[in-house]
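> Build the 3D model from these lines:
(one chain, ligands or ions: 2)
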Amino acid sequence: MTPPRQIDTGVDGFRYWPGALTPAAQADLLAEVLAGVEQAPFHQPVTRTGRPFSVQMSNLGPLGWVSDRAGYRYQPTHPVTGAPWPPMPQTLLDLWRDLTGWPEPPDSCLVNLYRGPAKMGLHQDRDEADLNAPVLSVSLGDAALFRIGAADGGPTKAIRLSSGDVCALTGPARLARHGIDRLVPGSSTLVPGGGRINLTLRKAGPASRQS
Ligand SMILES: O=C(O)CCC(=O)C(=O)O
Ligand SMILES: [Fe+2]
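Ligands and ions are numbered 1, 2, ... in the order given. Coordinates of the predicted model:
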């Protein structure tokens with residue numbers, strides 16, 4: 001693929017490729033993801049204290065991120081159906097390789113569905129075995145206000161992520177605090193029923209030993 005244009009956001013290690021996916025590529029990718037989600041339906045996880053997330057979640061690939069009263073973790077099966085997660089679309093493996101250059105493929109794709117007032121509080125992604133591997137995120141559907149700030153506190157800034165935008169937490173931004181303040185309702189018609197789907201690609205399991 002032709003490398004998409006990368007924008008400097010002023011956050012060291014936060015990489016942002018606006019419009020990385022064409023409208024046709026977004027539609028194809030969404031169709032693949034929704035076919036997977038038919039096998040692994042969205043569910044609404046709860047936090048350790050029993051508070052439901054406003055985001056609905058599913059996963060594709062060998063490992064899926066789940067949250068329940070036992071805490072956050074990755075596991076190979078859907079917490080409700082008990083079935084293995086559906087395979088990771090090849091398109092996503094290719095995108096990860098082309099944009100991150102990381103030597104190992106992602107083993108987890110979290111599929112987040114935001115509808116209406118759904119949002120995600122500021123957090124760090126730190127449930128992965130190797131916290132050096134990047135996190136790659138693909139936005140589909142309604143635009144969202146994404147908030148990001150340094151790992152150790154201080155000011156945050158908001159960036160509007162639109163359908164087809166791709167961004168990555170790498171290097172000094174790998175443990176950046178980030179979240180979704182809100183959607184921009186009606187800004188896209190891509191997702192059936194409205195809203196936003198975010199795909200978060202991660203290398204969750206341990207790095208395979210290099211010989
Ligand atoms: O929806 C997004 O853009 C961010 C999702 C996220 O940070 C996560 O799932 O850890
Ligand atoms: Fe995150």
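> residues contacting the closest residue to Glu32 other than its chain neighbours?
Nearest residue to Glu32, sequence neighbours excluded (Cβ to Cβ, 6 or more residues apart in numbering): Pro89, at 4.3 Å. Every C-beta, even on glycine, is put in place using the N, C-alpha and C of the backbone. Counting by Cβ atoms under 8 Å, 6 or more residues apart in numbering, Pro89 touches Leu29, Glu32, Val33, Gly36, Leu60, Cys109.
> Phi and psi next, for Pro89.
When quoted as degrees, to the nearest 10, the phi and psi of Pro89 stand at phi -60, psi 140.
> Tell me how far it lies from ligand 1.
Taking Cβ to the nearest ligand atom, to the nearest Å as the measure, Pro89 falls 18 Å from ligand 1.
> ok, now Leu136?
Spatial separation of Leu136 from ligand 1 under the definition Cβ to the nearest ligand atom is 11 Å.
> Give me every residue in the protein lying close to ligand 1.
Leu110, Asn112, Met120, Asp125, Ser137, Phe146, His178, Ile180, Asn198, Thr200 (Cβ under 6 Å from any ligand atom).
> in the protein, what residue is nearest ligand 1?
Nearest to ligand 1, among the residues of the chain, is Asn198, at 3.3 Å (Cβ to the nearest ligand atom).
> now that residue: how far from Ser58?
12 Å (Cβ to Cβ, to the nearest Å).
> Look at the two and report which has more neighbours.
A side-by-side neighbour count of Asn198 and Ser58, using other Cβ atoms under 10 Å, places Ser58 first with 25 against 20.
> ok, that one - contacts?
Gly36, Val37, Ala40, Pro41, Phe42, His43, Gly64, His78, Trp85, Val111, Leu113.
> buried subset of the residues you listed?
Buried members of the contacts of Ser58, scored by 16 or more other Cβ atoms under 10 Å, are Gly36, Val37, Ala40, Gly64, His78, Trp85, Val111, Leu113.
> Overlap of the contact sets of Asn198 and Ser58?
Counting by Cβ under 8 Å, 6+ apart, the contacts common to Asn198 and Ser58 are Val111.
> ok, back up a step: could the buried ones among the contacts of Ser58 be laid out in CSV, adding pLDDT?
Shown next, in CSV, are those (pLDDT from 0 to 100):
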residue, pLDDT
Gly36, 97
Val37, 98
Ala40, 98
Gly64, 98
His78, 98
Trp85, 98
Val111, 99
Leu113, 98
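> can you tell me which of those are in strands?
Of the buried ones among the contacts of Ser58, the ones assigned to strands by DSSP state E are Gly64, Val111, Leu113.
> Quick one: the helices in the protein, in order.
Secondary structure of the chain by DSSP state H: the helices cover 23-39, 90-100.
> Most neighbours out of the contacts of Pro89, which is it?
The most neighbours of any of the contacts of Pro89, using other Cβ under 10 Å, belong to Cys109, which has 30 neighbours.
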